[in-house]
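Chemist: The sequence and its predicted three-dimensional model are supplied below.
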Amino acid sequence: MSRVAVEAIGVSKSYGTRKALCDVDLVVHRGEIHGLLGPNGAGKTTLLRVLLGLVRSDSGRVQLLGRQPQAFGVALPDDVAGLVEVPAFYPYMSARKNLSLVARLDRRKSGVSVDAVLNRVGLASDADAKVAGYSAGMRQRLGLASALLRSPQLLMLDEPTNSLDPAAARDVRALARDLAREGTAVLLSSHDMAEVEELCTTLTVIDRGRVVFGGSVDDLRDRARTAPHVLQTSDDRGARAIALHSPGIRATPSAVGGLEVTADPAALDAFVIALGRAGIAVRRLERRARSLESLFFELTTPADVGVADETEMAS
């Protein structure tokens, strides 16, 4: 059995003259949580829609669990499930009845009961309440339960912790980890940097419809520019003035006081020597680990230039 759960090669999609996806490549393996990261409008939801067969791509090739979705017509392979944007259910029916209807319409026997998935997402006590009375977070968990009815070997989730309170978001993240440990491939779209850093070991970063990075989180850190240092001196204003005339030095005010200095080792050494010659004492010089968020902003640009808004595309 191949370890590759998702293989997308050269996927492109345009809406009129606006390009939503441009030659996107994506590989996700079984048993891993793969983050799909990008600013709003970058193309994440469009890509998930293409993978789930909700949108037809203009070009490119997609395989899910080693099979081409086109071979199944409009239906997905039995062991693939997904949740894109806000899940919709009949508000006048209970969660249990909604899921029972979903299971009947799916026409497959997964061996998973409605009660089992309701319990797994924490809705067992509210199973017989009408969905009209559900909060946004409860509806999100109900959507996740509907996906779990398929016992998926590949699960694609679009902002799965959106609208959830911290405790419920923690439970969803724990569920994603459990599924990955059981061998399920989880493709998780998110703009929450902390969530991606906590959950994912591999990720794909999309900006304006193009892949700007694909690999492990460690690879992304290695690719980043030199880690910044927090610098505190006896004269921070004077130190910043010297930085403006020092090759290879970028100094900006730090949120924790002093300056945040980005430079390679040789440039940093020369800068410190220049400070001493100017009579400015270095009171603190501490390397700060790069967060995934800072690395992400190095790779991406504002999403409102040249790419159609995903909400607009869906309409």
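Modeler: The structure has been received and is ready for your questions.
Chemist: doesn't residue 299 make contact with residue 212?
Modeler: Yes. With contact defined as C-beta atoms under 8 Å, residue 212 reaches residue 299; the gap is 4.7 Å. Yep, even glycine has a C-beta here, placed from its N, CA and C like the rest.
Chemist: for this structure, what spans make up the helices?
Modeler: 44-51, 95-106, 114-120, 136-148, 166-181, 193-199, 217-223, 236-244, 265-277, 292-299, 310-314 (DSSP state H).
Chemist: ok, and what's touching the longest one?
Modeler: The contact list for helix 166-181 (C-beta atoms under 8 Å, 6 or more residues apart in numbering) reads 31-33, 120-122, 137, 141, 144, 155, 157, 160-161, 164, 186, 188, 195, 198-199.
Chemist: Among the residues you listed, name the buried ones.
Modeler: 32-33, 120-122, 137, 141, 144, 155, 157, 160-161, 164, 186, 188, 195, 199 (16 or more other C-beta atoms under 10 Å).
Chemist: what is in contact with residue 212 and residue 299 at once?
Modeler: Between them, residue 212 and residue 299 share the contacting residues residue 205, judged by C-beta under 8 Å, 6+ apart.
Chemist: picking up where we left off before, give me whichever of the helices of the chain is most buried.
Modeler: helix 44-51 (a mean of 25; mean count of other C-beta atoms under 10 Å).
Chemist: For that one, what is the distance to the chain centroid?
Modeler: Remark: helix 44-51 is offset 12 Å from the chain centroid, using C-alpha atoms, centre = their mean, to the nearest Å.
Chemist: Please export the C-alpha coordinates of that helix as PDB.
Modeler: Output of helix 44-51 as PDB, limited to C-alpha atoms (Å, rounded to 0.1, in the frame of the first residue of the first chain):
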ATOM      1  CA  LYS A  44      -6.700  27.100   0.300                       C
ATOM      2  CA  THR A  45     -10.400  26.600   0.100                       C
ATOM      3  CA  THR A  46     -10.400  26.400  -3.700                       C
ATOM      4  CA  LEU A  47      -7.700  23.700  -3.500                       C
ATOM      5  CA  LEU A  48      -9.700  21.700  -1.000                       C
ATOM      6  CA  ARG A  49     -12.800  22.000  -3.200                       C
ATOM      7  CA  VAL A  50     -10.800  20.700  -6.200                       C
ATOM      8  CA  LEU A  51      -9.500  17.700  -4.200                       C
END
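Chemist: What helices and strands are in contact with that helix?
Modeler: Contacts defined by 3 or more C-beta pairs under 8 Å, 6 or more residues apart in numbering; DSSP states H and E place helix 44-51 against strand 4-15, strand 18-29, strand 33-37, strand 59-64, strand 154-158, strand 185-190, helix 310-314.
Chemist: Output these as TSV; include the columns distance to residue 77.
Modeler: Shown next, in TSV, are the helices and strands packed on helix 44-51 (distance: least, C-beta to C-beta, whole Å):
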stretch	distance to residue 77
strand 4-15	11
strand 18-29	15
strand 33-37	18
strand 59-64	6
strand 154-158	8
strand 185-190	12
helix 310-314	24
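Chemist: Many thanks, have a good one.
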